[in-house]
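Engineer: Quick check, what structure comes out for this input:
(2 chains)
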Amino acid sequence: MSSVTHDDVLGHGHDAHHHHPTGLMRWVTTTNHKDIGTMYLWFSFIMFLVGGTMAMTIRSELFEPGLQIVQPEFFNSLTTLHGLIMIFGAIMPAAVGFANWQIPMMIGAPDMAFARMNNWSFWLLPPAAVLLIGSLFVPGGGAAGGWTMYPPLSVQLGMGMDMTIFAVHIMGASSIMGSINIITTILNMRAPGMTLMKMPLFCWSWLITAYLLIAVMPVLAGAVTMLLTDRHFGTSFFNAAGGGDPVLFQHVFWFFGHPEVYILILPAFGIISEIIPAFARKPLFGYASMVYALAAIAILSFLVWAHHMFTVGMPTAGLLFFMYATMLIAVPTGVKVFNWVATMWRGSMTFEAPMLFALGFLFLFTIGGFTGLVLAITPVDIQLQDTYYVVAHFHYVMVAGSLFAFFGGTYYWIPKWTGTMYDEKLAKLHFWSSLIAFNVAFFPMHFLGLAGMPRRIPDYSQQFTDWNMVSTVGAFWFGLSQFIFLYVVLKCIAHKGEKAPGKPWEGATTLEWTLPSPAPYHTFETPPVVK
Amino acid sequence: MSERGKANGTWRQRNRALLWRLGVVTVFMFGFGFALVPFYDQICRATGLQELGGLDGERDAAKNSQVDTTRKVRVEFDSNLRGLAWTFKPETPIVEVHPGALTQVLFDVTNTTDRPITGQAIPSYSPSNAVRYFHKLECFCFTRQTLGPGESRVMPVVFVLDPTMPKDMPTVSLSYTFFAVEGAN
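Structural biologist: Predicted structure coming up:
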């Protein structure tokens, strides 16, 4: 058996005797889930700043009607790449970063199941980011047909589109490997006694997300492969002149795209489900129903894709089916929201930064959910399709939803990661500043959309000026607020602050809090026993 | 041999097995994306999704518009004037046409006064339900006609009789009456 342990990538039981690479090579060759989690989180934060810079450029252009700062072609590339970078570069890697750090510690496993593949999943991301950002600088500019890459535009664009397609392929491969790793870790490597229904909800949310990812990422890979062959190899999947149909792309894309939006939000649900019980000092209300609600959302997500395309010309029967199916998703989502609220009911609540972000999430995500219900109504959607109302809706669920949950999760776990308590005052300032600025930036977009302002266009009619100015001010305020977050995190890493105890949160109950802070490089080499 | 070592050994096998199974799911879903192409095509064919409004109402399928050469319909033209000092008559008062055939007839009109006058022609059919089968593509009755002093004009009517026209309607009369449009000049 000693030969098994020798080349064993799981346990690192003997690593303490090995020579560790230092400096850059430590990060390039690491197979440690904590190192890889850290790299994922930093990568996603850098991408968040890159995508944020693009958003600032977009908002600057939209400060006034007319063209001031950028040309329309470049503006189109900016909206396209802002979407792709924020989704595939910022939110998804951040969620995987949390998974890498937390899942092994929460289920009592020594590391991820496939440690080398874990390293590879991460190191695929930087080349993909280089391809995406580099596409802006090639002849013809970056992809400019929107992040959804609809043909015929995406078939006609220059080589920037090819680079985007390859970037999507690479990031897809990375997510699929990450997901296989997470599923295997959760199903095979739980500590003795930790049954699936005793597992922390964050792990449940990621188990379901990972299944969604391996189900739909390959479909997206197929769709962009068809785009690629239509562009260069004479196929006609989406070319009407060759017997294809551009609407087919929309169906295939949204078959991926709708589960994708749940891929972006479910890990956030998981984080919120950890934070709220900890700060309400009560067990999560309705644990089993939370798990079933996650599963119900995941299953329903495969049946609603065409609500993104109500205006392509579907028969009434199709419109009605997709409208009702979409509305049905409000039921499990409502179960989750009510369970979170019930968890807080008569709890001994305190309002540290993680809890504030969780409450901000709850409030703003619910608004985003309601505007989603409004958009689910077919005749209303036909009116609001491609207006700023849609932009407001998905930023409420993606920024105030996923991103706020990730901020909350960072503050919640950073004492465990660095061994140092974060600066509570600055973290609260970060929260209030982000909360107010977010609403200043995005709430007016509801009005603009209802008044008919179309999205993805660099110029607009003069009556929209006032709210656009308000929105731009809010956007810059929001963007600058994030440097508070960076400062707080850097302070923790430099150990400037109170030393964190093993369990800094009174109400926290999951396994990672049984470890010292900072968490040792190797944890749970002897599995804990869960009663 | 530690307990952990044994656990690692069994993990390795179980993890490998799961890796293969999940890999198969991934490859299957990649294929599924391509399978959506013929699937979409078949769904569209089976349900008529590609024809807008296909399931809701009548389809705009091309109808048989061929000329029915087995019969002829006699079309008589009549012209009248109400309060206008014009002359107005058809060049060919009677034509015989096959239903479905595109036909053009001409009307002559002259303003006999020394001032411009505007008139509007109103059509009338006999039998009156012939209107359902009489498709006019071009007609001077679609707009007002203003004639200068002493001006003459030749005005066309282009029409098709619907091939579904009942056989018990061998003759159709189309009567035009020009009315003066007061205050137009």
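Engineer: what secondary structure does the residue of chain B found nearest chain A sit in?
Structural biologist: Among all residues of chain B, residue B:33 sits closest to chain A, at 2.6 Å; criterion: CB to the nearest CB. From N, CA and C alone the C-beta is placed, and that goes for glycine too. Following DSSP: H, G, I helix; E, B strand; the rest coil, we place residue B:33 in the helix state.
Engineer: what residues are up against it?
Structural biologist: With contacts defined as CB atoms under 8 Å, 6 or more residues apart in numbering or on different chains, the neighbours of residue B:33 are A:218-223, A:252, A:255.
Engineer: Which ones, among those, also lie beside chain B?
Structural biologist: Restricting those to those within reach of chain B (CB under 8 Å from any CB of the partner chain) leaves A:218-223, A:252, A:255.
Engineer: quick check, nearest of those residues to chain B?
Structural biologist: Of these, the one sitting nearest to chain B (CB to the nearest CB) turns out to be residue A:222, at 2.6 Å.
Engineer: for the helix or strand harbouring that closest one, which positions count as buried?
Structural biologist: Assigned by DSSP states H and E, residue A:222 belongs to helix A:201-232. For helix A:201-232, a neighbour-count test (16 or more other CB atoms under 10 Å in any protein chain shown) marks A:201-228, A:230-231 as buried.
Engineer: What is the burial count for the residue lying closest to residue A:308 once chain neighbours are set aside?
Structural biologist: In space, residue A:308 comes closest to residue A:254 once its chain neighbours are excluded; the distance is 4.7 Å by CB to CB, 6 or more residues apart in numbering or on different chains. Number of residues near residue A:254 (other CB atoms under 10 Å in any protein chain shown) recorded here: 20.
Engineer: residues contacting residue A:254?
Structural biologist: Taking CB under 8 Å, 6+ apart, we find residue A:254 in contact with A:305-306, A:308-309.
Engineer: which of those lies closest to residue A:481?
Structural biologist: residue A:308 (30.9 Å; CB to CB).
Engineer: Can you classify the closest one by secondary structure?
Structural biologist: With three-state DSSP as the criterion, residue A:308 reads helix.
Engineer: Tell me how far it lies from chain B.
Structural biologist: Distance of residue A:308 to chain B, computed by CB to the nearest CB, to the nearest Å: 16 Å.
Engineer: That residue and residue A:250 touch, don't they?
Structural biologist: Yes: contact between residue A:308 and residue A:250 holds when scored by CB atoms under 8 Å: they sit 7.5 Å apart.
Engineer: circling back: so which pair among the ones next to chain B among the contacts of residue B:33 is furthest apart in space?
Structural biologist: Largest pairwise distance in the ones next to chain B among the contacts of residue B:33, by CB to CB, is 12.4 Å, between A:221 and A:255.
Engineer: Three-state assignment for residue 174, please.
Structural biologist: This is for chain A. Here residue A:174 is recorded as helix under three-state DSSP.
Engineer: wrong one, I was asking about chain B
Structural biologist: What three-state DSSP gives for residue B:174 is strand.
Engineer: was I right about it contacting residue B:125?
Structural biologist: Yes: Residue B:174 lies in contact with residue B:125 (CB under 8 Å); the separation is 6.0 Å.
Engineer: Common neighbours of these two, please.
Structural biologist: Common neighbours of residue B:174 and residue B:125 (CB under 8 Å, 6+ apart) are residue B:134.
Engineer: longest single helix anywhere in chain A?
Structural biologist: helix A:246-280 (DSSP state H).
Engineer: pLDDT of it, averaged?
Structural biologist: If you average the pLDDT over helix A:246-280, you get 96.
Engineer: ok, then the element right after that helix?
Structural biologist: Downstream of helix A:246-280 (by DSSP H and E), the next one is helix A:287-300.
Engineer: Convert that next one to CSV, retaining C-alpha atoms only.
Structural biologist: Extracted C-alpha coordinates of helix A:287-300, given in CSV (Å, rounded to 0.1, in the frame of the first residue of the first chain):
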residue,chain,number,x,y,z
TYR,A,287,-33.0,22.7,5.7
ALA,A,288,-34.6,19.9,3.7
SER,A,289,-36.9,22.2,1.8
MET,A,290,-33.9,24.4,1.0
VAL,A,291,-32.2,21.4,-0.6
TYR,A,292,-35.4,20.4,-2.5
ALA,A,293,-35.8,24.0,-3.6
LEU,A,294,-32.3,24.1,-5.0
ALA,A,295,-33.0,20.9,-6.9
ALA,A,296,-36.3,22.2,-8.2
ILE,A,297,-34.8,25.4,-9.5
ALA,A,298,-32.1,23.4,-11.2
ILE,A,299,-34.6,21.1,-12.9
LEU,A,300,-37.0,23.9,-13.9
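Engineer: Between helix A:201-232 and it, find me the angle.
Structural biologist: Helix A:287-300 and helix A:201-232 meet at an angle of 10 degrees, taking axes from the mean of the first three to the mean of the last three CA atoms, to 10 degrees as the criterion.
Engineer: Now do the buried residues in the helix or strand just after helix A:287-300.
Structural biologist: Where DSSP H and E defines the elements, the next helix or strand beyond helix A:287-300 is helix A:316-328. By neighbour count on 16+ other CB under 10 Å, the buried set for helix A:316-328 is A:318-319, A:321-323, A:325-326.
Engineer: how about the helices in chain B?
Structural biologist: B:3-47.
Engineer: so where do the strands sit in it?
Structural biologist: B:73-82, B:86-90, B:94-97, B:102-111, B:117-126, B:134-139, B:145-147, B:152-161, B:171-180 (DSSP state E).
Engineer: To residue A:175, which of those strands lies closest?
Structural biologist: Closest among these, once you apply CB to CB, is strand B:134-139, at 60.0 Å.
Engineer: List of residues touching that closest one?
Structural biologist: By CB under 8 Å, 6+ apart, strand B:134-139 touches B:102, B:104, B:123, B:125, B:142, B:156-162, B:172, B:174.
Engineer: redo that, cut-off 10 Å
Structural biologist: With CB atoms under 10 Å, 6 or more residues apart in numbering or on different chains as the test, strand B:134-139 has contacts from B:73, B:75, B:102-104, B:107, B:121, B:123, B:125, B:142, B:155-162, B:165, B:172, B:174, B:176.
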